[in-house]
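Participant: Sequence and computational prediction follow.
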Amino acid sequence: MGFIIRLLVNALALYLLTRVYVGVSFAPGADLVGILIAAFVMGIVNALVRPVLLLLSLPINLLTLGLFTLVVNGVVLYLVAAVTSLNVSGFGAAIIGALILTVISWVLDAIVGALGLDGTRD
């Protein structure tokens, strides 16, 4: 059940990102299935590719005091856009979109946690 809720939260966050920021959008005619596929691919890339990218960029990440993580998140969003119906205007738009997506996901996670839908018990 937690996987489905996490998938729906990611899909909602991606959808809200496309409504808030014009640099990231879905292809014309993209439906709910396209949004869910993009959220699923985002979860897979975050689980498999992002840790490798963070490990490889560890020296520069230490030099920039963690700010290079924003670039890694932009790369992840750009990769997801390359294989799904998500469109990103450019690499700068991917970095800004990843930053906004992080904030939106954080707020949605807080709401899901406050409602008790995250699967944790008191």
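Facilitator: That came in fine, so what should we check first?
Participant: ok, which stretches of this structure are strands?
Facilitator: Here the chain has its strands, by DSSP state E, at 24-26, 86-88.
Participant: helices or strands next to the first one in the packing?
Facilitator: When you say that, I think you mean strand 24-26. Contacts defined by 3 or more C-beta pairs under 8 Å, 6 or more residues apart in numbering; DSSP states H and E place strand 24-26 against helix 2-20, helix 32-56, strand 86-88, helix 91-115. Placement of C-beta: from N, CA and C, glycine included.
Participant: now do the last one
Facilitator: Packing partners of strand 86-88 (3+ C-beta pairs under 8 Å, 6+ apart): strand 24-26, helix 68-83.
Participant: Give me the number of neighbouring residues for residue 1.
Facilitator: Using other C-beta atoms under 10 Å, residue 1 is surrounded by 8 other residues.
Participant: ok, back up a step: closest to residue 7 out of the helices and strands packed on strand 86-88?
Facilitator: Ranking the helices and strands packed on strand 86-88 by distance to residue 7, with C-beta to C-beta as the measure, places helix 68-83 first at 13.7 Å.
Participant: re the thing from before, so which of the strands of the chain is nearest residue 41?
Facilitator: When the strands of the chain are ranked by distance to residue 41, counting by C-beta to C-beta, first place goes to strand 86-88 at 8.6 Å.
Participant: which residues touch that closest one?
Facilitator: 14, 18, 23-27, 38, 77-78, 80-81, 94, 97 (C-beta atoms under 8 Å, 6 or more residues apart in numbering).
Participant: Can you say which of those residues are buried?
Facilitator: Among the contacts of strand 86-88, those scoring as buried are 14, 18, 23-26, 38, 77-78, 80-81, 94, 97 (criterion: 16 or more other C-beta atoms under 10 Å).
Participant: residues of stretch 36-48 that come out buried?
Facilitator: The neighbour-count criterion (16+ other C-beta under 10 Å) identifies 37, 38, 39, 40, 41, 42, 43, 45 as the buried residues of stretch 36-48.
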